[in-house]
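Asker: Sequence and predicted structure are below.
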Amino acid sequence: MTNVIVVGLGAMGSSAAQQLAERGHRVLGFDLFTPPHNNGSSHGQTRIIRQAYWEDWRYVPLLLRSYELWRRLEADSGHSLLQITGCLAIGHPDGDLVSRSEQSARKFELPHEMLSSAQIRHRYPAFAVRDEMVGHWERNAGYLLVEACVRAQLERAAVAGAELHCDEPVVEWSATPGGGVSVRTAKAHYSADRLVICAGAWAAQVLDSLQLPLTVTRQVAYWFEPRCGIDIFQHGRMPVYLWEAEAGERMLYGFPLVGPPSEGVKVALHGSDEICTPDTVVRQIQPSDELAIRERLAGTLPLLAGRLLRAETCLYTMTPDEHFVIDSHPKYPQVTLAAGFSGHGFKFASVMGEVLGDLALGLTPAYDLALFSLKRWQDRSPSSGETRRRDGSAHHDLEN
Ligand SMILES: Cc1cc2nc3c(=O)[nH]c(=O)nc-3n(C[C@H](O)[C@H](O)[C@H](O)COP(=O)(O)OP(=O)(O)OC[C@H]3O[C@@H](n4cnc5c(N)ncnc54)[C@H](O)[C@@H]3O)c2cc1C
């Protein structure tokens, strides 16, 4: 049995805690808040899950496993977490979104279909698709209920014996070459054999000595009351969707109606240039936020743009290439890190728990993780924020 400390119990950390505890290891987890909470990246009702990955086909094997693990979590927890609606990727036939979704679907023989603009308008009347656009329709896609997923992972972790300390921030961690790890929280000191760091938008701070090129951005999600009644936005009449960005725009994405009609239909823009930190982010919705989404809806889903019922801010943690960071610490192999999920990580949380569990235990995960390696920034020299001790260990003080 290995003793493992998990820092951060959001999407990835709760999954790692669950996986490790279910394998019989002693898990001690810490979070700044009580997840699921609204201060990080894992809130706001839903997340899209899909398999025909336009971003890179190398994600697909991870996705296939992630579906199995989400379904297993549903069975074990008794909660419904994953809803299949299909996903429509709308764009130009030769644009990255459509052509690369098609490539991934073909490579892995995923059920899919190409739709003309007329077919899209006929099947899904909410989409005002221009004639020159097409749609890549993927059958095995849908959405996850984000807070319910995190809650279920934490519940399963606790049932398997994990000790979870919420509202107990880790303020310092340290590792000894060839030895164990220890953390200091706001309340006490703890030691273990291994450390898994899943600090989301706080990762740059917690891993400051690595100088990871992470940028945190402010994101806003919106829930609108449609202008035409709710019918064409119901599950069955509308899938989840991604809508390619034109020059100077951001990708649009959204969901069918998920809750009662009074809660509205969710839509959002992917990415933003509003760089912030979890401490400096402007959480209040600004008039410019509503203006930006209404401008985009006018040319895409005009019937959705009725009354704005609700809007919420959330945080992306971006890497320069928008691929994740999943690796062992370059100096301390007993420290595993997961960061930089770049606005598309949630769907992977279930499989990431498995991968992080393997890395933490010194096992080789069953997936090609080269895309997520720290080596892509290996020229950056680790130095600042790390204080050397006489015994060769280093400590990382998060309070400075
Ligand atoms: C608006 C929005 C829409 C998105 N849409 C999608 C989508 O459709 N599909 C998809 O797959 N992904 C999507 N994503 C991305 C996905 O939600 C994130 O990639 C994922 O939630 C990141 O999980 P995480 O565990 O890294 O971060 P989090 O879940 O935020 O967890 C990090 C945790 O670390 C804790 N922590 C930080 N520092 C400390 C410390 N010092 N001590 C203790 N605890 C600490 C925090 O409190 C937090 O709970 C979206 C993200 C946003 C914001």
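Answerer: Nice, I can see it.

Asker: Do you have the strands of the stretch 151-300 of the chain handy? List them.
Answerer: Here the stretch 151-300 of the chain has its strands, by DSSP state E, counting those that start in this stretch, at 163-165, 170-175, 181-185, 189-192, 194-197, 215-224, 240-243, 251-254, 265-270, 275-276.

Asker: Make TSV from those strands and add mean neighbour count and distance to Leu337 to it.
Answerer: (Each C-beta comes from the backbone N, C-alpha and C, glycine too.) Shown next, in TSV, are the strands of the stretch 151-300 of the chain (neighbours: other CB atoms under 10 Å; distance: least, CB to CB, whole Å):
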stretch	mean neighbour count	distance to Leu337
strand 163-165	18	20
strand 170-175	21	11
strand 181-185	20	12
strand 189-192	16	15
strand 194-197	26	5
strand 215-224	21	16
strand 240-243	26	28
strand 251-254	21	28
strand 265-270	22	24
strand 275-276	14	22
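
Asker: Reformat these as TSV; add distance to the ligand and mean pLDDT.
Answerer: Shown next, in TSV, are those (distance: least, CB to the nearest ligand atom, whole Å; pLDDT from 0 to 100):
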stretch	distance to the ligand	mean pLDDT
strand 163-165	9	98
strand 170-175	4	97
strand 181-185	7	97
strand 189-192	12	98
strand 194-197	9	98
strand 215-224	4	98
strand 240-243	8	98
strand 251-254	7	98
strand 265-270	6	98
strand 275-276	12	98
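
Asker: Of those, which is nearest Asp289?
Answerer: Nearest of these to Asp289, taken as CB to CB: strand 215-224 at 4.8 Å.

Asker: What strands line up against that closest one, and which way round?
Answerer: strand 265-270 (antiparallel), strand 275-276 (antiparallel), strand 308-318 (antiparallel) (DSSP bridges).

Asker: Out of these, which gets nearest to Leu69?
Answerer: Nearest of the strands paired with strand 215-224 (CB to CB): strand 308-318, 22.4 Å.

Asker: Other residues contacting the closest one?
Answerer: Applying CB atoms under 8 Å, 6 or more residues apart in numbering, the contact partners of strand 308-318 are 38, 40-41, 43-44, 200-201, 203-204, 214-225, 262-264, 271-272, 276, 278, 281-285, 289-290, 339-343.

Asker: circling back: would you mind giving the strands paired with strand 215-224 as a markdown table with distance to Val4 added?
Answerer: Below are those laid out as a markdown table (distance: least, CB to CB, whole Å):
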| stretch | distance to Val4 |
| --- | --- |
| strand 265-270 | 34 |
| strand 275-276 | 31 |
| strand 308-318 | 23 |
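
Asker: Quick one: closest of these to Gly180.
Answerer: strand 308-318 (27.8 Å).

Asker: Which positions in that closest one come out as buried?
Answerer: Leu308, Ala311, Glu312, Thr313, Cys314, Leu315, Tyr316, Thr317, Met318 (16 or more other CB atoms under 10 Å).

Asker: go on, stretch 155-171?
Answerer: In stretch 155-171, counting by 16+ other CB under 10 Å, buried: Glu155, Arg156, Ala157, Ala158, Ala160, Ala162, Leu164, His165, Glu168, Pro169, Val170.

Asker: Of those residues, which is the nearest to His329?
Answerer: Of all the buried residues of stretch 155-171, His329 sits closest to Val170, with 15.1 Å by CB to CB.

Asker: my guess is the closest one meets Phe30, correct?
Answerer: Yes: counting by CB atoms under 8 Å, Val170 does reach Phe30; the two are 5.1 Å apart.

Asker: what's the overlap in contacts for the two?
Answerer: Any residue near both Val170 and Phe30 by CB under 8 Å, 6+ apart counts here, and that gives Val7, Val183, Thr185.

Asker: for the second one, what are its contacts?
Answerer: Think Val183. Ile5, Val7, Phe30, Val170, Glu172, Trp173, Ser174, His189, Tyr190, Leu195.

Asker: about what we covered before: put the buried members of the contacts of strand 308-318 into a ChimeraX selection.
Answerer: To isolate the buried members of the contacts of strand 308-318 in ChimeraX, using 16+ other CB under 10 Å:
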select :40,41,43,44,200,201,203,204,214,215,216,217,218,219,220,221,222,223,224,225,264,271,272,276,278,281,289,339,340,341,342,343
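
Asker: No more questions from me, cheers.
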